[in-house]
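Engineer: Predicted model and sequence below, questions to follow.
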Amino acid sequence: MDDLLNKNHESQRLISLDALRGFDMFWIIGGEHIIHALAELTGWPVFNWISAQMHHTIWNGCTFYDMIFPLFLFISGVSMPFSFGKKVMTANVKNTFELPSEVKRKVYMDMLRRTAILIFLGLVVNGLFKFNGYENTRFASVLGRIGIAWFFAGLIYLNCNLKKQVIWFCFILIGYWLAMTLIPVPGFGAGNLTMEGSLESYIDRLLLPGRLHSKVHDPEGILSTIPAVATGLLGIFTGTFVKEKRYDPLKSVYFLLLAAALLILLGLAWDSVFPINKRLWTSSFVLFVGGYSIAFFALFYLIIDVLGWKKWTFPFLLIGMNSIVIYMAVEGVVNFGYTADFIFGGLINRTAEPIHLLLKSISVIVVELVFLYFLYRNKLFLKV
């Protein structure tokens, strides 16, 4: 464990960032099932409430589960100022937009490679190798959106100073809002924000090849990927603020929490005219979830990097440092449930039903962590 913490320290990565990524992914790889089982077992109001938060909102509104995807994209943005920092130091410049053109070209190629790999891996998760035919293949994906949004956020970061980055951020959110509310959709008119009648859904039906996730709409569609770039930019702003160290760490946390509260309030205010909606990735959703993302990061940064309470993070670090691998595995590449049942099923099946469900959920997490620990001990990390 100490080796893992030291590795993060030596590479100047924020331990809190990897831990937060692992915390974020924990709920996707099985943490949600533990909460559902606890709610059924105890009937306690707090577990019932948390269990209700472990489901996606049908349309308008937002739950904790709706925040998992944008939080991951936000984290990718936070890491960008740190990952590009070495190139800035090597080139002896102060900012990324001052990098020589030949250095930028190499960075662009690396970014394109990463984006292409994520798009491909997203297609694999969607069942590319089932060979069900072009018309039955879903081309939009979570990993694809992460790659594309990260790429364009990175282009803005590499070529613009902070003031211009903020202008881009505002332009994207306001432009998306105006487009969604003012451009008419054939048969529905302008400002229709339903699943079938929205401009985003219409463009998906018109331009997105293959199969859509919801027949008339895709939550990772073309137009709604544009505001996702703003989610990545929020992460870049946060990472830049922390990396520059203009204030002492504790004061930085205060400022981060203040910014988080402001964004949440702005998102709620915008919700009255442009509803918070994950499937449409509305501008109000970007601000609302962006505020919570900054708050989560600030708390992890305070506890882990400022106060130094690090040892408890080990399971989350295992997940966070191989997040793409475990995501693809649980999305269908590996059946951890079968393995857990093979190892622990004999003991678990002897317990009563409510406890049985809880132990089964925990056993899956245990198997996944053992798998990730094996990768870590053998220094096997998917570098994308």
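Structural biologist: All right, it came through fine. Bear in mind the structure is a predicted one, so any value in this text is a computation, not a measurement. Numbers count the residues shown, from 1 in each chain.
Engineer: ok, the residue nearest the centre of the chain to Thr42 distance?
Structural biologist: Centroid-nearest residue in the chain, with Cα atoms, centre = their mean: Phe72, separated by 1.8 Å. Distance, Phe72 to Thr42, by Cβ to Cβ, to the nearest Å: 30 Å. Where you see a C-beta, it was placed from the backbone N, CA and C, and this is true even at glycine.
Engineer: Over to Trp49?
Structural biologist: Trp49 sits 12 Å away from Thr42, going by Cβ to Cβ.
Engineer: same deal with Ala298?
Structural biologist: Distance from Ala298 to Thr42, by Cβ to Cβ: 31 Å.
Engineer: And Leu299, by the same measure?
Structural biologist: Distance, Leu299 to Thr42, using Cβ to Cβ: 26 Å.
Engineer: quick one, which of those two is more surrounded?
Structural biologist: It is Leu299, of Leu299 and Thr42, that has more neighbours when counted by other Cβ atoms under 10 Å, with 16 against 13.
Engineer: pLDDT score assigned to that one?
Structural biologist: Looking at Leu299, its pLDDT is 98.
Engineer: can you offset everything so residue one is 4?
Structural biologist: Yes, from this point I'll number from 4; that puts the last item at Leu302.
Engineer: That one belongs to a strand?
Structural biologist: No. According to DSSP: H, G, I helix; E, B strand; the rest coil, Leu302 belongs to no strand; its state is helix.
Engineer: Could I get the contacting residues of it?
Structural biologist: Applying Cβ atoms under 8 Å, 6 or more residues apart in numbering to Leu302 gives no contacts.
Engineer: Met83 versus that one, what's the distance?
Structural biologist: Distance from Leu302 to Met83, by Cβ to Cβ: 21 Å.
Engineer: chain center to stretch 122-139: distance?
Structural biologist: Centroid separation for stretch 122-139 versus its chain: 21 Å, with Cα atoms, centre = their mean, to the nearest Å.
Engineer: Can you give me the end-to-end span of it?
Structural biologist: End-to-end distance of stretch 122-139 (Cα to Cα, to the nearest Å): 17 Å.
Engineer: Angles on the backbone of the residue of the chain most remote from its centre, please.
Structural biologist: Distance from the C-alpha centroid of the chain peaks at Arg353, with 38.1 Å (Cα atoms, centre = their mean). Phi and psi for Arg353, reported as degrees, to the nearest 10, are phi -80, psi -10.
Engineer: so what pLDDT did it get?
Structural biologist: pLDDT, Arg353: 82.
Engineer: Against Leu362, how distant is it?
Structural biologist: In terms of Cβ to Cβ, Arg353 sits 10 Å off from Leu362.
Engineer: same check, this time on Tyr205
Structural biologist: Applying Cβ to Cβ, the value for Tyr205 to Leu362 is 47 Å.
Engineer: ditto for Lys254
Structural biologist: Taking Cβ to Cβ, one finds Lys254 at 45 Å from Leu362.
Engineer: can you check Val110 too?
Structural biologist: For Val110, the distance to Leu362 (Cβ to Cβ) stands at 48 Å.
Engineer: Hmm, Phe317 and Asp21 touching each other?
Structural biologist: No. With contact defined as Cβ atoms under 8 Å, Asp21 does not count as touching Phe317 (10.7 Å).
Engineer: Identify the residues contacting Val91.
Structural biologist: Counted by Cβ under 8 Å, 6+ apart, Val91 has contacts Lys97, Asn98, Thr99, Leu102.
Engineer: Tell me how many other residues crowd the third one.
Structural biologist: Read that as Thr99. Thr99: 24 neighbours (other Cβ under 10 Å).
Engineer: do the second one as well
Structural biologist: As a burial measure, the neighbour count of Asn98 was computed by other Cβ under 10 Å and equals 14.
Engineer: ok, now how distant is it from Glu247?
Structural biologist: 11 Å.
Engineer: now do the first one
Structural biologist: When Cβ to Cβ is the yardstick, Lys97 and Glu247 sit 11 Å from each other.
Engineer: From the contact counts, what lies against the host helix or strand of Ile346?
Structural biologist: According to DSSP states H and E, Ile346 maps onto helix 339-351. Identification of packing neighbours for helix 339-351 by 3 or more Cβ pairs under 8 Å, 6 or more residues apart in numbering; DSSP states H and E yields helix 356-380.
Engineer: Report the rounded mean pLDDT for the helix it packs on.
Structural biologist: Mean per-residue pLDDT for helix 356-380: 92.
Engineer: number of nearby residues for Gly130?
Structural biologist: Using other Cβ under 10 Å, Gly130 is surrounded by 15 other residues.
Engineer: Could you do Pro103 as well?
Structural biologist: Neighbours of Pro103 (other Cβ under 10 Å): 11.
Engineer: same question, Val169
Structural biologist: 13.
Engineer: Repeat that for the one 5 residues further on.
Structural biologist: Phe174: 11 surrounding residues under other Cβ under 10 Å.
Engineer: what does the one 3 residues further on give?
Structural biologist: By the criterion of other Cβ under 10 Å, Ile177 has 11 neighbours.
Engineer: sorry, back to before: among Lys254 and Leu362, which residue is more densely surrounded?
Structural biologist: Leu362 (19 against 10).
Engineer: Next one: the more buried one relative to Val106, how far apart?
Structural biologist: Taking Cβ to Cβ, one finds Leu362 at 53 Å from Val106.
Engineer: I appreciate the help and will end here.
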